[in-house]
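# I'll drop the sequence and a predicted model, then ask my questions.
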Amino acid sequence: MDVQFSDEELLLRDTVLAVAEKAAPESVGGLEGFDDAALWARLADAGVLGLGAGGELGSLTDAAIATTALGRALAPVPYLGCAVLPAQLLALAGADPALLDAVVAGRRRLAVGIDPATLAIGREGAPALAWDAGGAEAAIVRRAGGAELTAVDLGPPTPGVDLTRCTRWTRAGAVTEGSFGRLSDADERRWYCTALALASADMVGVMEGGLQLAVDHALAREQFGVPIGSFQAIQHLLAEQRTSLDGARSVAVYAAWALGHRQLDEAALAAHTAKAYCSDVGKRLCEAVVQVHGGMGLTWECKAHVYLKRMLFDRAFLGDERVHFRRIAELRRSEAGVGL
Amino acid sequence: MDYDDSPEEAAFRARLRAWLAGHDPGPPASIGDSAAEHAYRKRWHQTLYAGGWVGLSWPSAYGGHDLSPIYEAIFNEELGAAGVAHAAPPVGWLGRAILAYGTEEQRQRHLPGLLSGETSWCQGFSEPGAGSDLASLRTLAERDGDTYRMNGQKLWTSGAQFADWCLLLARTDRAAPKHKGITAFTVDMRTPGITVRPMKQAWGGTRFCEVFFDDVRVPATDRIGDEGAGWPLATVVLAYERGPSELGVIATYRAELRSLLRSSAGDPVAEEALARAYVAVEACRLHLLESLTKRAKGEAPGPGSSVDKLLMIRSEQALGALALDAGGTPGVTGEDWGVPSRYLWSRASSVYGGSEQIQRNIIAQRLLGLPRG
């Protein structure tokens, strides 16, 4: 047992964070109409777009580390939605290797369509929502009535809440060419759990960045002649958030690791745990970030709402904490003893 | 990141599992009966020691096994999996102070008995006027030839009525700044002049005591460390108390979660609340494993242990509240006294070992870098 990041893992974190912080716009205004092409190319060069998709591409723990770094920097780039998660799906489905290569190299952007009612992978012919699908040429869905995957056209971005990533609806009928492979139910469950673990990793990053913003503000902002961070009311609010952040880090990284090292039932419990915990405490942390900023926190110029909104996006993706607490209850009832 | 056992760790786990199959402490005593509880814990401690499972990460020179602290985590996991509540004997934090600050003679004298469970210890830190502001303690130790003369009062001293020894903080220099005038001692609880008065708690037990010192003579050879060096020692003790040593309680939490799961089957509201508690316990467990890894690599406990403590409080109080809810009316009518006891004890977790509010101060000022008010 060695529950800390290795030197290689720390280097990966620092590398991705440096790339993201350099490329991401400094002001909220810069997010509007942001062109992610240069950032996308740098991430492709760094070799992180296919992390976790098997072979020598790196582990899911690595993918979680990179995801957290991007979340922390509020990177406006569809890293999960158009790189890591479709790559994972194509690898599990045994898709044409050339297709997987193109995704991993960043040459093709594909998203994954999700059925909003069942949270399963969508089906051709029914409306599905592609999350984090900025710049995607198509969304992967199942063919009607089978295990086979295909891809369908996407509509324009919805006017979504997240200023750094977008959702898009699939368009009925239009089918993109290519062999996308076949997905078993067990592999769909594995993909779903991977998405939960990595969405949790993004939330951890958002929490890290948001908390730092609040701490910086509490040190700089003076009232009654002293920094507001010297008041216990502020200190205790932020100390609670730091505690939540540390817990969130721990459950998120374990969930990613478990997918590569534990039976699927146990890994699934860890994935639901991470998604439930991070969604629950992450939203509250971002609310605290807004609160510490006072009236400023709800102005467009202050980044506090950007963290909160990215959190809301991640939280809603594949179900919020209410969904996952229920799933945990079901899992533990049916398989009492798993993970305990 | 690696949560898997090394081959040596796996072999240890298998050996422990086999041993546990043949040893069972039986159902725990009620926390309303502190004498029975103490006897139960002491018996189990000695059974574990005889099996070679106590002091895993302690030097063999004092009865330990020279293993990494990781083995303490495996120990706790396996006891939890076997459904053993109150798993680990709490030998950790007091012993660490003696190990770090005691002379070789003091270590040899005290540590083997502490590890084996032959001697029982208590911790004489808090006082009526020194709770969260521990450094303002006033129990006085005046040097008089080869002895110190102690006068004062301690409060919240857990298990003092059963203790053979006390690790005591007392003031040796009234003129020095409050943090600098404190010194640590080991005090034989049979010394004349010591009066122990157990205090009845809200849950009916008498786990905590008042301890009075009236002209108690303590040999100077029982001083731990130099005069005035007591505060750093206290900080070490408290940080150990808050940190991965809490892993012991995870075993208890898991057993409770399983038991509550059985009793709530089919009630969706209860099951969801239970899922929330399960998630809180997981966050606590996984974070403790990280803290433990740091400990295994030689990092001394620091302000991060306050995060461990707050995560523990969240789990503890979630479980206490669930036990209360699951207990329903019999928990209020007194027909099942275990229910309110469990709940009330959970309320103590945000007070003992440094209150929740003190932990937040530590996190805000020492981890987040916010200024002292």
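Arrived safely, thanks for sending.
# in the stretch 51-200 of chain A, what residue is nearest chain B?
Minimum separation of the stretch 51-200 of chain A from chain B (Cβ to the nearest Cβ) falls at residue A:61, amounting to 5.2 Å. C-betas here are computed from N, CA, C, even on glycine.
# pull the distance from the helix or strand hosting that residue to the chain's centre.
Applying DSSP states H and E as the criterion places residue A:61 in helix A:60-72. Centroid displacement of helix A:60-72 relative to its chain, using Cα atoms, centre = their mean, to the nearest Å, is 8 Å.
# state which strand of chain B is the longest.
Counting residues, the longest strand in chain B under DSSP state E turns out to be strand B:209-219.
# one step back: only alpha carbons, please: show the helix holding residue A:61 as PDB.
Output in PDB follows, covering the C-alpha atoms of helix A:60-72 (Å, rounded to 0.1, in the frame of the first residue of the first chain):
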ATOM      1  CA  LEU A  60      -7.100   5.900 -15.400                       C
ATOM      2  CA  THR A  61      -5.400   7.400 -12.300                       C
ATOM      3  CA  ASP A  62      -3.300   9.400 -14.700                       C
ATOM      4  CA  ALA A  63      -6.500  10.500 -16.500                       C
ATOM      5  CA  ALA A  64      -8.000  11.600 -13.200                       C
ATOM      6  CA  ILE A  65      -4.900  13.600 -12.400                       C
ATOM      7  CA  ALA A  66      -5.000  15.400 -15.700                       C
ATOM      8  CA  THR A  67      -8.700  16.000 -15.400                       C
ATOM      9  CA  THR A  68      -8.300  17.500 -12.000                       C
ATOM     10  CA  ALA A  69      -5.600  19.900 -13.200                       C
ATOM     11  CA  LEU A  70      -7.800  21.000 -16.100                       C
ATOM     12  CA  GLY A  71     -10.800  21.500 -13.700                       C
ATOM     13  CA  ARG A  72      -8.600  23.600 -11.400                       C
END
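# one step back: so the residue of the stretch 51-200 of chain A closest to chain B sits against residue A:261, correct?
No. Contact criterion Cβ atoms under 8 Å: residue A:61 and residue A:261 do not qualify, at 9.3 Å.
# so if I had to pick from these two, which one is more boxed in?
For residue A:61 and residue A:261, the more surrounded residue by other Cβ atoms under 10 Å in any protein chain shown is residue A:61, and the numbers stand at 27 against 16.
# bridged to the residue lying closest to residue A:138 once chain neighbours are set aside, which residues?
Distances taken as Cβ to Cβ, 6 or more residues apart in numbering or on different chains put residue A:151 closest to residue A:138, at 3.9 Å, once the chain neighbours are dropped. Beta-bridge partners recorded for residue A:151 (DSSP bridges): residue A:140, residue A:176.
# thought residue B:216 was touching residue B:194?
Yes. In this structure, residue B:216 is within contact of residue B:194 by Cβ under 8 Å, at 5.7 Å.
# anything in contact with each of residue A:61 and residue A:261?
Counting by Cβ atoms under 8 Å, 6 or more residues apart in numbering or on different chains, residue A:61 and residue A:261 have no common neighbour.
# ok, residue A:129 - contacts?
So residue A:129 contacts A:113, A:114, A:116, A:122, A:167, A:168, A:169, A:170 (Cβ under 8 Å, 6+ apart).
# which SS class is the last one?
Translated: residue A:170. Under DSSP: H, G, I helix; E, B strand; the rest coil, residue A:170 falls in the strand class.
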